[in-house]
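# Below is the sequence, then the predicted model.
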Amino acid sequence: MRQPSSLAFRLIFAAALVSLAGLIAGGLLLSNVFRASVERQLDDRLVADMENLIAASEPAPNGALMMMNTIADQRYDTAFSGWYWQVTPENEGSAGEESGRLTSRSLWDKALETPGDATGGALARGYAHGPESQELRYVVRRISFPDMAALANGKADARPKTYLFAVAADRSKGEAEAANFDTTLLWSLGALGLFLTIATLLQVRVGLRPLAVVRDRLQAIRTGKAQRLEGRFPREIAPLADEVNQLLSHSAEVVQRARTHVGNLAHGLKTPLSVLTNEAVLAKGALSDTVMKQTAVMRRQVDHYLARARAAASADVIGVRTDVAPVIADLARTLEKIYGRKGVEFETEIPMNLAFKGEKQDFEEVIGNLMDNAGKWAATLVRVTAKGAAGKLVVSIEDDGPGLNEDEQVRVLEKRERLDETMPGSGLGLGIVRDIADLYGGRLDLARSELGGLTAALTLPLA
């Protein structure tokens, strides 16, 4: 799963990217919505206080503006509380009371610096610096009142006086609420992300479980424990299972046809060779001797290449498996009957759990040849042992016979020479063994045995 080429890794990585992007986008959206809501609530409160302030304002007979009553909120009366209001005559100086400016007690001797960008009766909103380095949110509205002093003097065309009404509040409390919300949101989204990750892992594990079942059953087929991909699979995987089963059936049919052809070829060649041999035995002379020698060579070659053809046809077959111990035990019993008359015993030490990854016929061919050779040359004992490691099966056949020196080992194994013509047999046994071992990706090694004779170590694939 940790490898980038893994299907599970790709699914989890893609889901994690989508989930992370969704959580980040959702978190930013919720945070902005909450901050906008907090700011909107503050603006609504400021606008409500401004309307109360405007309703309490009356033009005085002397042309100034007076407050009939103030906003009923103790925060506007507490110095530097963070809640302030201010009424400033437009186009007037900023000399406090002398200019006609009115302020809340909370401003004390300070003034709000708000831009005069309110047009008509429209609200203007913004941010400004307040007393004690406070960050303020303000609302401003331009309101016009009649100039009572001018009217009292008979000036009917007197222009009304315009004032800027400003109400402001400290944003720190709203920012703290937003920060607390962001922290809660972060933990919540983190927990949600963890839950989504666990859910994704479970979903991928459950969703890909049929593929794991297919893998295990294919492994069972490869090791020879099963012949077909059996079971019920999801609709998406069922066609794959059907194709695999058809491929296995086709492979088995091809191998069976190859074996049939090999058998037919063997029968078709051996019968004429037998006829020629029989005729040569009846006839006397140099010609019959030549025919007998050549037919013997042809018979050995036919046996040799037929064995190779049979092994080649079955070496790559999926699912073939041969238990080692029963085959060697049967061969030992058979060969003891043959060589027991000259006092040769066959000793076997084979673990029961070992299996050869190949056809039983081929295993019997190679092991039978080696055990037969050992029985021919042994004085009293042939010992057969086997072990498996790192995917390899190693079968060792030792005897206490005369053995072979290094030069003789090369001659019989590499050059395929027959060292002793007095012994029965075709002389191609080791060649056939080596060829079949090569076809299965194995090898045959010869060495001096601890028993004093020869050790033939055969390495083959382990099932």
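Now that the structure is in, tell me what you want to look at. No experiment lies behind these values; they were computed from the predicted model shown. Residues are numbered from 1 along each chain as shown.
# Distance check, Leu65 against Asn52.
Leu65 sits 15 Å away from Asn52, going by Cβ to Cβ, to the nearest Å. For every residue, glycine as well, the C-beta is placed using N, CA and C.
# so what secondary structure elements neighbour the longest helix along the chain?
Ordering each helix of the chain by length in residues (DSSP state H) puts helix 172-222 first. Packing partners of helix 172-222 (3 or more Cβ pairs under 8 Å, 6 or more residues apart in numbering; DSSP states H and E): helix 7-55, strand 135-145, helix 238-282.
# okay, the ones you listed in TSV with mean pLDDT next?
Below are the helices and strands packed on helix 172-222 laid out as TSV (pLDDT from 0 to 100):
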stretch	mean pLDDT
helix 7-55	90
strand 135-145	89
helix 238-282	76
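# Nearest to Asp77, out of the ones you listed?
Set against Asp77 and scored by Cβ to Cβ, these come closest in helix 7-55, at 13.1 Å.
# chain center to the closest one: distance?
35 Å (Cα atoms, centre = their mean, to the nearest Å).
# Likewise for stretch 397-407?
Offset of stretch 397-407 from its chain centre (Cα atoms, centre = their mean): 53 Å.
# cool, stretch 123-138 as well?
For stretch 123-138, the distance to the chain centre is 55 Å (Cα atoms, centre = their mean).
# Please apply the same query to stretch 432-451.
Computed by Cα atoms, centre = their mean, the chain-centroid distance of stretch 432-451 equals 41 Å.
# Okay, now that stretch: how far is its last residue from its first?
Distance across stretch 432-451, first residue to last, is 25 Å (Cα to Cα, to the nearest Å).
# again, but for stretch 112-122
Distance across stretch 112-122, first residue to last, is 19 Å (Cα to Cα).
# Quick check: Phe363 vs Arg448, distance?
For Phe363, the distance to Arg448 - Cβ to Cβ - is 25 Å.
# Repeat that for Leu102.
According to Cβ to Cβ, Leu102 and Arg448 sit 119 Å apart.
# now Phe165
In terms of Cβ to Cβ, Phe165 sits 115 Å off from Arg448.
# Who has more neighbours out of the two?
Phe165 (22 against 15; other Cβ atoms under 10 Å).
# A strand includes that one, no?
Yes: judged by DSSP: H, G, I helix; E, B strand; the rest coil, Phe165 forms part of a strand.
# That one: what's it in contact with?
Phe165 makes contacts with Met50, Leu53, Ile54, Ser57, Trp85, Gln86, Val87, Val140, Arg141, Arg142, Ile143, as judged by Cβ atoms under 8 Å, 6 or more residues apart in numbering.
# And for Ser449?
Ser449 touches Glu398, Asp399, Asp400, Gly403, Thr455, counting by Cβ under 8 Å, 6+ apart.
# Closest one to Ala21 out of those residues, please.
Using Cβ to Cβ, these come closest to Ala21 at Thr455, 66.9 Å.
# Just give the nearest non-adjacent residue to the closest one, would you?
Take Thr455 and drop its neighbours on the chain: the residue closest to it by Cβ to Cβ, 6 or more residues apart in numbering is Ser449, 4.1 Å away.
# and the one you found, what pLDDT?
pLDDT, Ser449: 86.
# do the same with the one 4 residues further on
Note for Gly453: predicted pLDDT of 87.
# Go ahead and confirm Asn62 touches Ala149.
Yes: counting by Cβ atoms under 8 Å, Asn62 does reach Ala149; the two are 5.6 Å apart.
# Looking at the two, which one has more neighbours?
Under the criterion of other Cβ under 10 Å, the comparison of Asn62 against Ala149 puts Ala149 first, with 16 against 9.
# Nearest spatial neighbour of that one, chain-adjacent residues omitted?
Of all residues not flanking Ala149 in the chain, Gly63 sits nearest, at 3.2 Å (Cβ to Cβ, 6+ apart).
# Could you check how many residues crowd around the one you found?
There are 19 residues near Gly63, going by other Cβ under 10 Å.
# got the angle between the longest helix of the chain and helix 238-282?
20 degrees (axes from the mean of the first three to the mean of the last three Cα atoms, to 10 degrees).
# Let me know the closest of the contacts of Ser449 to Asp44.
The closest of the contacts of Ser449 to Asp44 turns out to be Thr455 (Cβ to Cβ; 99.1 Å).
# where's that closest one, which helix or strand?
Using DSSP states H and E, Thr455 sits within strand 454-461.
# residues contacting Asp73?
By Cβ under 8 Å, 6+ apart, the residues touching Asp73 are Asp49, Trp83.
# Got the phi and psi for Val394?
Reported as degrees, to the nearest 10, the phi and psi values for Val394 are phi -120, psi 120.
# Would you mind measuring from it to Leu30?
68 Å.
# Kindly report the same for Glu243.
Distance from Glu243 to Leu30, counting by Cβ to Cβ: 50 Å.
# Which one's more surrounded, those two?
Leu30 (15 against 11).
# picking up where we left off before, list the buried residues in the strand holding Thr455.
Leu454, Thr455, Ala456, Ala457, Leu458, Thr459, Leu460 (16 or more other Cβ atoms under 10 Å).
# Can you tell me which of the residues you listed is closest to Gln219?
Using Cβ to Cβ, the buried residues of strand 454-461 come closest to Gln219 at Leu460, 19.4 Å.
# Need the nearest residue in space to that closest one, chain neighbours excluded.
Once flanking residues are discounted, Leu460 sits nearest to Gly442: 4.3 Å by Cβ to Cβ, 6+ apart.
# Do you know the pLDDT at the one you found?
Looking at Gly442, its pLDDT is 85.
# State the distance from it to Glu236.
Relative to Glu236, and taking Cβ to Cβ, Gly442 is found at 40 Å.
# higher neighbour count, the two?
For Gly442 versus Glu236, neighbours defined as other Cβ under 10 Å are more numerous around Gly442 (21 against 10).
# Just confirm the more buried one contacts Leu458, I think it does.
Yes: under the criterion of Cβ under 8 Å, Gly442 makes contact with Leu458 at 6.8 Å.
# what secondary structure does Glu113 sit in?
From three-state DSSP, the assignment for Glu113 is coil.
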